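Here is my input; please provide its structure:
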Amino acid sequence: MSQQTAGITVTPGTWTIDLGASSLRFEVKHMWGLGTVKGQFDRFGGTLTVDDNPVDAQLHIDASSVNTHNKQRDKDLRSAKFFDVDHYREIGFELASVSENESGLEIGGYLLIRESRLWVDLPVDADENRDRLVLRATTPISREAAGLDWNWMGMIRGDATVHLEFILTRNR
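Residues are numbered from 1 along each chain as shown. Okay, here's the model as predicted:
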């Protein structure tokens, strides 16, 4: 039996992110807006639980797995200037709401980076096919509001844009 969740039918149960099939990428302008740094997190995981109660979700990102394919930049991103992985190894997400919007779902919650607790609204495209659930979202994240405001000579411009595609499998 399926449950209608904000206009999208999802089979009740616990769904787990398939790391090998999923991606969590970001991009941010640098060089005063002339270039774009693209990167990803290589290690993350989470679950989505759908039942008669409100939807519950857990997402944990290993901040030390940041990967821009540039060793020096990755070292800087892991340093106290940015993610400070020696003190804050994990980035998390606390789900607060799930609602329907014109194009699918709107997931609201708190992004936990370092000591920052930043509210984000994620417009999510969701699709279930057999025992696989696909969630896709793109959203801007304010680096300053997230406590990632180091910016030598103003080289980094604007918000970071996060792109996620999570493929989840239903636990049996």
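
doesn't Glu144 fall inside a strand?
No: per DSSP: H, G, I helix; E, B strand; the rest coil, Glu144 lies outside any strand segment and is coil.

What about it, how many residues nearby?
Residues within reach of Glu144, counting by other Cβ atoms under 10 Å, total 11. C-beta here means a position set from N, CA and C on the backbone, and glycine is covered the same way.

Also Leu122?
20.

Over to Glu115?
There are 9 residues near Glu115, going by other Cβ under 10 Å.

pLDDT at the residue nearest to Phe44 when sequence neighbours are not counted, what is it?
Closest residue to Phe44 apart from its sequence neighbours, by Cβ to Cβ, 6 or more residues apart in numbering: Ile61 at 4.3 Å. Looking at Ile61, its pLDDT reads 97.

change the start of the numbering to 31 and stick with it
All right, first residue 31 from here; so that's Ile91.

isn't Ile91 right up against Ile121?
Yes: when contacts are counted by Cβ atoms under 8 Å, Ile91 is listed as touching Ile121 (4.0 Å).

Find residues that contact each of the two.
Taking Cβ atoms under 8 Å, 6 or more residues apart in numbering as the contact rule, Ile91 and Ile121 both touch Phe71.
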